[in-house]
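> sequence first, then the predicted structure, then my questions.
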Amino acid sequence: MSSPAALRSRARQVYKELLFLGREYPSPPGPVWFHDRLRKAFRANADLQDADAIKTKLNHAEFVKKEVEAMYALRKYRRVQRAYDQL
């Protein structure tokens, strides 16, 4: 089992990674919206004490991180595709 300090450190690290990824969030909702939602989600779970529940939430945060990265990759791919279509 992981210690509470290790889980807290991991949660802080995932939060910082998501915060960094959110800087480039697409414009309709925008990065401010992403930051507000991220803060709200982490604060809602700040009082969790059960290690298994914390690990579940951290796994979900990792999933969200991968989804955001995939969205950015897709956006980059579409931009390149449009550029080649215009040639």
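Alright, I've got the coordinates. For clarity, every value in this text was computed on a predicted model and none was experimentally measured. Numbers count the residues shown, from 1 in each chain.
> so how far is Gln81 from Val64?
Relative to Gln81, Val64 is positioned 26 Å away (C-beta to C-beta, to the nearest Å). Heads up, the C-betas are built off the backbone N, CA and C, glycines and all.
> the two: which is more packed in?
Each of Val64 and Gln81 has its neighbours counted (other C-beta atoms under 10 Å); Val64 has more, 16 against 10.
> quick one: distance of the longest helix anywhere in the chain to the chain centre.
Within the chain, and with DSSP state H defining each element, the longest helix by residue count is helix 51-85. A distance of 8 Å separates the centroid of the chain from that of helix 51-85, by C-alpha atoms, centre = their mean, to the nearest Å.
> could you pull out the buried residues of that helix?
Judged by neighbour count using 16 or more other C-beta atoms under 10 Å, the buried positions of helix 51-85 are Ile54, Lys57, Leu58, Ala61, Val64, Val68.
> what pLDDT does the model give the second one?
At Lys57 the predicted local distance difference test score is 96.
> do you know the pLDDT at the closest residue to it other than its chain neighbours?
Here the nearest residue to Lys57 in space, its sequence neighbours aside, is Asn45; by C-beta to C-beta, 6 or more residues apart in numbering that works out to 5.2 Å. With respect to pLDDT, Asn45 has a value of 93.
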